[in-house]
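A.B. asks: Got a sequence here, can you model it:
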Amino acid sequence: MSGEPEQQKHDPTAHEQMMDGEKQVKRNPHGNFKEVEGSRPKWNDGNFDFTQTKNPSWKPGQGANDGGEALKHSHVEIDPYQEGRPAVFNYKLLISAIIPRPIGFLSTRSKDGSSTNLAPYSFFQVFNFDPPVFVVGFSGGFEKAKDSLKNLVDSGECCINIISEHYIEAANATSVNAPYGTSEWALTGLTPAPCTDVKASRVKEAIFSVEGKLMETKELESKATPGKKTGVLAIIEGVRFWAREDAINEDRNLIDPDVLRPMSRLGGITYGRLREGIELPRPEWSEFEKEAEPAGLVQKKAEGQ
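C.D. replies: Okay, here's the model as predicted:
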């Protein structure tokens, strides 16, 4: 591991700082959310379905499938460091544009067992398979580290759970700015289950979980406000997987999306559901060339291409 500090003492103002941060982001666009939610259609439990692509007869060189509609619109250029542009604008922009984002639901435990935490992170992704490598982004630097990051650095391990539809409300509830020492497990009613190689509990309700060991961390510094630490990138190795028996195939190498029903993060307070899929085989050049060559599409790269 590199760049991590010694275990920090608890900051009693941490949850107040979190509240102040949320006020600045203004993530919730509604005055009365429950009233707005009540006006919407009820939840639909429908199955995961496969559909055709929008243009099943697409041929090499045909470009986008919108009939050129996208080309009718111009773009605006945005300098993330433009004078007077608050850094939080970049945050709101990125979480609304880089979507859908998978959610890493992290369970952590301090080395001495005195602190546990359960929290969702949408700055999360898998980056390699041999070894299995995951990355998680934590807001703020080490000095303002929240419990998940503190526990991860202290113990060097965690459990990453994938959030599914059947416990989305409980998972979302763990993001509450509860006072230090309050158990997220008790607040949500989720069930801790033992891991094998890490001491942190996995979420038993999760269809898929990964036991992880911390490989290294990197603290990130603001360019808008030099010297200010704005985030920590954690690189985690997956050392053991847990898959619910009805979701995994016989070879134990595929998860059924209709059982997993994963939730993703969009902008603001919006989550996304995965309800449909399309299949597109990766083209083989020997076959692709047969259509591309006669149409004059096999060309040397030119400026801007």
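A.B. asks: W242 contacts S209, doesn't it?
C.D. replies: Yes - using CB atoms under 8 Å, W242 makes contact with S209 at a distance of 4.3 Å. All C-beta spots, glycine's among them, are computed from the backbone N, C-alpha and C.
A.B. asks: what do those two both touch?
C.D. replies: Jointly contacting W242 and S209 under the rule CB atoms under 8 Å, 6 or more residues apart in numbering are R202.
A.B. asks: Those two - which one has more neighbours?
C.D. replies: Legend: neighbour count by other CB atoms under 10 Å for W242 and S209, higher for S209 (25 against 19).
A.B. asks: Using CSV, list the CA coordinates for stretch 252-265.
C.D. replies: Extracted in CSV, the C-alpha atoms of stretch 252-265 (Å, rounded to 0.1, in the frame of the first residue of the first chain):
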residue,chain,number,x,y,z
ARG,A,252,-19.7,-20.8,-11.9
ASN,A,253,-18.7,-18.2,-14.5
LEU,A,254,-21.9,-16.4,-15.4
ILE,A,255,-24.4,-14.4,-13.3
ASP,A,256,-28.0,-14.3,-14.5
PRO,A,257,-29.0,-10.6,-14.9
ASP,A,258,-32.7,-11.6,-14.3
VAL,A,259,-31.7,-12.8,-10.8
LEU,A,260,-29.1,-10.1,-10.1
ARG,A,261,-31.4,-7.2,-11.0
PRO,A,262,-28.6,-4.7,-10.4
MET,A,263,-29.2,-1.1,-9.6
SER,A,264,-27.0,1.7,-11.1
ARG,A,265,-26.4,5.3,-10.1
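A.B. asks: Mind listing what's buried along it?
C.D. replies: Along stretch 252-265, these residues count as buried under the neighbour rule (16 or more other CB atoms under 10 Å): I255, V259, L260, R261, P262, M263, S264, R265.
A.B. asks: K290: which of those is nearest?
C.D. replies: I255 (35.4 Å; CB to CB).
A.B. asks: What does that closest one show for phi and psi?
C.D. replies: phi -100, psi 130 (degrees, to the nearest 10).
A.B. asks: Same check on T188?
C.D. replies: Per degrees, to the nearest 10, the backbone of T188 is at phi -100, psi -20.
A.B. asks: Could you say which helix or strand holds the residue lying closest to it once chain neighbours are set aside?
C.D. replies: Nearest residue to T188 in three dimensions, chain neighbours excluded: A170, at 4.0 Å (CB to CB, 6 or more residues apart in numbering). Per DSSP states H and E, A170 falls inside helix 168-173.
A.B. asks: For that helix, give me every contacting residue.
C.D. replies: I103, F105, P120, I163, E184, L187, T188, G189, L190, E205, M263, Y271.
A.B. asks: ranges for the strands of this structure?
C.D. replies: 49-50, 101-102, 104-109, 116-121, 124-129, 132-139, 157-162, 192-193, 202-203, 208-221, 229-243, 263-265, 271-273, 276-277 (DSSP state E).
A.B. asks: Make a markdown table from these and add distance to P283 and mean pLDDT to it.
C.D. replies: Formatted as a markdown table, the strands of the chain follow (distance: least, CB to CB, whole Å; pLDDT from 0 to 100):
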| stretch | distance to P283 | mean pLDDT |
| --- | --- | --- |
| strand 49-50 | 20 | 94 |
| strand 101-102 | 26 | 98 |
| strand 104-109 | 32 | 98 |
| strand 116-121 | 35 | 96 |
| strand 124-129 | 23 | 98 |
| strand 132-139 | 28 | 97 |
| strand 157-162 | 30 | 98 |
| strand 192-193 | 43 | 98 |
| strand 202-203 | 39 | 98 |
| strand 208-221 | 30 | 98 |
| strand 229-243 | 31 | 97 |
| strand 263-265 | 27 | 98 |
| strand 271-273 | 28 | 97 |
| strand 276-277 | 19 | 95 |
